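J.: fold the stuff below for me.
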Amino acid sequence: MTLDKKLKVFLIEDAYRIRSVLTDILQQAGDVEVVGFAENEQDALQQLRTKEWDVAVVDIALREGSGLAVLAGLKNDARQYGKRLVFTSSPSSALKARSLALGADGFFDKSRDMTTLVHRIQDMAR
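T.: Next up, the predicted model:
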């Protein structure tokens, strides 16, 4: 990343508290900007297809729809997108394998891996 370009992060997370904490932590690093969020599958796909972003943090369980469907939708599009990192409270090995098969670039457990996720995003910004 050049010095004047920030890494653009888009959050797909329906829990306000988690979204708020992630936004605050990520934006403390001067080289990361949270450019938007979506709480459901349809809104996520619409925004991801029209906004400029470098990294999408995708929750699997959404109020409406699924983060897996978001990953599948992006994978099936003809264009190239940024990195996709799954951040879930259901970190089974089967779900991890499915997420990676659908194009996820990382898989993180909400209860244990928030710091690891943040560090991964900060490393991408450098």
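J.: show residues contacting stretch 33-42.
T.: 6-14, 19, 22-23, 26-27, 44, 46-48, 51-53, 62-67, 69-70, 73 (C-beta atoms under 8 Å, 6 or more residues apart in numbering). Yep, even glycine has a C-beta here, placed from its N, CA and C like the rest.
J.: take those residues and keep only those in helices.
T.: Assigned to helices by DSSP state H, the following of those qualify: 19, 22-23, 26-27, 44, 46-48, 67, 69-70, 73.
J.: quick one: which of the residues you listed has the most company?
T.: For these, the largest number of neighbours (other C-beta atoms under 10 Å) sits with A44, at 31 neighbours.
J.: farthest-separated two in the ones in helices among the contacts of stretch 33-42?
T.: Q27 and A69 (27.9 Å; C-beta to C-beta).
J.: follow-up on the earlier one: turn the ones in helices among the contacts of stretch 33-42 into JSON lines, columns for distance to V35.
T.: Formatted as JSON lines, the ones in helices among the contacts of stretch 33-42 follow (distance: C-beta to C-beta, whole Å):
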{"residue": "R19", "distance to V35": "13"}
{"residue": "L22", "distance to V35": "13"}
{"residue": "T23", "distance to V35": "10"}
{"residue": "L26", "distance to V35": "11"}
{"residue": "Q27", "distance to V35": "11"}
{"residue": "A44", "distance to V35": "13"}
{"residue": "Q46", "distance to V35": "14"}
{"residue": "Q47", "distance to V35": "9"}
{"residue": "L48", "distance to V35": "11"}
{"residue": "G67", "distance to V35": "18"}
{"residue": "A69", "distance to V35": "21"}
{"residue": "V70", "distance to V35": "16"}
{"residue": "G73", "distance to V35": "19"}
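J.: which of those sits closest to S93?
T.: Using C-beta to C-beta, the ones in helices among the contacts of stretch 33-42 come closest to S93 at G67, 16.8 Å.
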